[in-house]
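**Q** sequence first, then the predicted structure, then my questions.
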Amino acid sequence: MELGLPSGASYHPDTAQRQNYQEVNRAFGPGYDGPLMVVARSMDPGHPLAPQTLAAVARDLKATKGTDSVSLGALNSTGSTAVFGLVPRDGPHDEGTKQLATAVRAKSRDMSAAHGVTLGITGFTALAIDVSDRLADVLPLYLLTVLGPSLVVLLLVFRSILVPVLATVGFLLSVAATFGATTAVFQWGWLQPLLGLDATTPVVSLLPVIVTGVLYGLAMDYQMFLVTSMCEARVHGADPVQATVRGFAQAGAVVVAAATIMVAVFSGFVFNGQSMIKQLGFALAVGILIDAFVIRMTFIPAAMALAKDKAWWLPAWLDRILPDLDVEGEKLAQRLSSSQAKPPRRTHSAVR
């Protein structure tokens with residue numbers, strides 16, 4: 001899965017954005033749709049950059065592999081800061097452009113020492129590369145932050161080792177399947193005519209974070225609906241397999257109804273003209289469909305039924321440490337019934 005920000009190539013051919021992108025690409029090459037901006041600043045702000053320095057910086061930039069052309073875009077009023085337009089040979093989302101930006105940054109220190117300037121690279125293309133790399137780097141930490149507390153909460157609620165593990169593994173499977181389907185459709189071009197699409201594009205950088213958060217919330221809702229009903233049936237005396245069947249029968253209709261509504265809502269976003277909204281709607285619709293009907297309605301009940309008593313196993317030492325939340329309220333009901341069964345205390349009136 002390649003991450004990036006939307007560009008003109010992401011739009012439908014009938015839109016002005018896509019037509020402008022194609023026209024510039026055809027006339028000047030793919031790199032003109034995503035130029036890099038290189039800023040050179042004199043180390044002495046009061047001293048303007050000499051023409052020889054500007055020429056040397058432009059020459060070194062042009063010698064960087066993957067560069068198509070370099071031009072001086074502007075100088076500030078004092079001549080101490082210059083902006084160069086660096087046009088890559090490849091398009092904004094191509095790997096060659098990313099390597100070019102990395103190469104310019106790698107050689108900026110040597111160029112600064114050689115020419116007495118400080119160099120920086122910016123522009124929409126460089127911003128897209130930085131945002132995509134930063135979000136990709138923090139995604140594992142984000143998943144750990146989301147999943148870690150949920151494992152503890154599910155452990156406290158259901159007093160089971162297997163239930164939190166199954167919930168987490170199922171969520172990771174649904175997220176992986178969602179990202180795979182989104183990559184196949186938007187990046188590889190699978191089944192695009194069915195969705196009214198006509199261009200391959202990287203997955204939007206923000207999508208993994210947004211989709212992971214939304215899917216996690218919905219997946220845990222469905223998990224609570226199902227497993228709480230199973231746990232309640234077990235507390236009331238059903239064996240593990242019967243508890244799974246009863247819980248599934250009671251909560252399955254709720255999960256189906258809730259998931260169907262959410263899938264219908266997000267499916268409507270797929271036909272929006274904006275590429276980011278298309279991808280977000282598709283990913284959420286597919287993710288909810290997979291998580292609700294494949295993971296929660298199939299994988300979880302099957303695994304619980306196969307595990308039988310092991311599904312509710314908790315080590316004795318951990319059972320003593322964990323607080324008993326009594327989610328089903330069974331112990332509270334027992335206390336109330338026992339207190340009502342006790343005979344009322346007799347009171348003796350004073351005899352005058």
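**A** Thanks, I have it.

**Q** ranges for the strands of the stretch 101-250 of the chain?
**A** With strands called from DSSP state E, counting those that start in this stretch, the stretch 101-250 of the chain shows them at 117-122, 203-204.

**Q** out of these, which is the most enclosed?
**A** strand 203-204 (a mean of 23; mean count of other Cβ atoms under 10 Å). To be clear about C-beta, it is placed using only N, CA and C from the backbone, and glycine gets the same treatment.

**Q** may I have stretch 135-151 as CSV, with CA atoms only?
**A** Extracted in CSV, the C-alpha atoms of stretch 135-151 (Å, rounded to 0.1, in the frame of the first residue of the first chain):
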residue,chain,number,x,y,z
LEU,A,135,1.7,8.8,9.3
ALA,A,136,3.1,5.5,8.1
ASP,A,137,5.7,5.5,10.8
VAL,A,138,3.2,6.3,13.6
LEU,A,139,0.6,3.8,12.5
PRO,A,140,2.0,0.8,14.5
LEU,A,141,2.2,3.0,17.6
TYR,A,142,-1.4,4.2,17.0
LEU,A,143,-2.6,0.6,16.7
LEU,A,144,-0.8,-0.3,19.9
THR,A,145,-2.3,2.6,21.7
VAL,A,146,-5.8,1.6,20.5
LEU,A,147,-5.5,-2.1,21.1
GLY,A,148,-3.7,-2.1,24.4
PRO,A,149,-6.3,-0.5,26.6
SER,A,150,-9.1,-2.5,24.9
LEU,A,151,-7.4,-5.8,25.8
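
**Q** what comes up buried for it?
**A** Leu135, Leu143, Val146, Leu147, Ser150 (16 or more other Cβ atoms under 10 Å).

**Q** so can I have CSV of the strands of the stretch 101-250 of the chain showing mean pLDDT and distance to Leu325?
**A** Formatted as CSV, the strands of the stretch 101-250 of the chain follow (pLDDT from 0 to 100; distance: least, Cβ to Cβ, whole Å):
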stretch, mean pLDDT, distance to Leu325
strand 117-122, 91, 52
strand 203-204, 90, 40
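
**Q** Throw those into a markdown table and include distance to Ala259, thanks.
**A** Shown next, in a markdown table, are those (distance: least, Cβ to Cβ, whole Å):
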| stretch | distance to Ala259 |
| --- | --- |
| strand 117-122 | 44 |
| strand 203-204 | 23 |
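
**Q** by contact count, what packs against the longest helix seen in the chain?
**A** With secondary structure taken from DSSP state H, the chain has its longest helix at helix 124-158. When contacts are defined as 3 or more Cβ pairs under 8 Å, 6 or more residues apart in numbering; DSSP states H and E, helix 124-158 packs onto strand 3-4, strand 36-42, helix 95-115, helix 162-182, helix 207-235.

**Q** can we see that at 6 Å?
**A** With contacts defined as 3 or more Cβ pairs under 6 Å, 6 or more residues apart in numbering; DSSP states H and E, the packing partners of helix 124-158 are strand 3-4, helix 95-115, helix 162-182, helix 207-235.

**Q** mean pLDDT lowest for which of these?
**A** Ranked by mean pLDDT, the helices and strands packed on helix 124-158 bottom out at strand 3-4, with a mean of 86.

**Q** contact partners of that one?
**A** With Cβ atoms under 6 Å, 6 or more residues apart in numbering as the test, strand 3-4 has contacts from His93, Ala128, Ser132, Ala136, Pro202, Val203, Ser205.

**Q** kindly recompute the last result at 7 Å.
**A** Here strand 3-4 makes contact (Cβ atoms under 7 Å, 6 or more residues apart in numbering) with His93, Ala128, Ser132, Leu135, Ala136, Pro202, Val203, Ser205.

**Q** ok, the closest residue in space to Met37 that isn't next to it in sequence - how many residues close by?
**A** Of all residues not flanking Met37 in the chain, Gly123 sits nearest, at 3.8 Å (Cβ to Cβ, 6 or more residues apart in numbering). By other Cβ atoms under 10 Å, the residues close to Gly123 number 19.

**Q** how about the nearest residue in space to Gly247 that is not next to it in sequence, what does it touch?
**A** Nearest residue to Gly247, sequence neighbours excluded (Cβ to Cβ, 6+ apart): Met230, at 3.0 Å. Met230 makes contact with Ala243, Thr244, Gly247, Met304 under the criterion Cβ under 7 Å, 6+ apart.
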